[in-house]
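S.K.: what follows is a predicted protein model with its sequence.
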Amino acid sequence: MHEVEKAVIDTNVIIYDVFEDSLYHKEASSILNLLEIWIIPTIVIHEFIWFLKGLGLGIKESYEIILQYINNEKSIIKPISSYHIREALNTILVENTSLSKYNDKLILTTAIEEKTPIATFDKKLRSQAKRLGVRVIPETMP
C-alpha cells in the first residue's frame, strides 16, 4: 500500500479484521494498521451489526466488537445524509441497475465526497470504484 493516510472502510474489511480464520484477515488487519484515519459510513456499521446478528452472536459480544471500531481513535463515523441517499439512487437510476447495489453506492458516494480511497475486498465494488476514478485498497487482490 502506497502512503495513504485515510480511506473509506467497507464492511468486509472490518469482518476480515475481526475473524482471524477469515480469507483476508492478515490483509485487512494490515490495511487498518497502516491507515491513520478510517472513515466508516454509518451504513457500514449497520451492515456489520446485521452480519454479527446473522452469525448468532449475543448482544454483549457484538457490542464489544462494534465498540472496538467505533471508539477507535482512528475512526471517523460518517453519517449518511440525504445527499448520499440522492447520489446513490441517482447513480442506480442512471446505470439502470438494481436497488441491491444501494449500500455499495452509499459507500462509493462517501469516498467520492471525501476524495479518498475505498478499502474493500468486494470485487464488484472495487470495479465500480475504479470505473469512477476512485482508488481502491488494496491495489491488487491478494
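M.R.: Happy to help now that I have it. Since this is a predicted model, take the numbers as computed values, not measurements.
S.K.: quick one: neighbours of Val134, just the number.
M.R.: As a burial measure, Val134 scores 20 neighbours (other CB atoms under 10 Å). Any C-beta I mention is one placed from the backbone N, CA and C, and that applies to glycine too.
S.K.: please enumerate the strands of this structure.
M.R.: Counting by DSSP state E, the chain has these strands, from start to end: 6-9, 37-41, 75-78, 118-119, 136-137.
S.K.: quick one, which of the ones you listed is packed in tightest?
M.R.: Stretch with highest mean neighbour count among those: strand 118-119 (a mean of 28; mean count of other CB atoms under 10 Å).
S.K.: name the helices or strands packed onto that one?
M.R.: Helices and strands touching strand 118-119, by 3 or more CB pairs under 8 Å, 6 or more residues apart in numbering; DSSP states H and E, are strand 6-9, helix 102-114, strand 136-137.
S.K.: mind putting the ones you listed in CSV, distance to Ile43 included?
M.R.: Output for the helices and strands packed on strand 118-119, formatted as CSV (distance: least, CB to CB, whole Å):
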stretch, distance to Ile43
strand 6-9, 11
helix 102-114, 5
strand 136-137, 18
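S.K.: out of these, which gets nearest to Lys123?
M.R.: strand 136-137 (10.3 Å; CB to CB).
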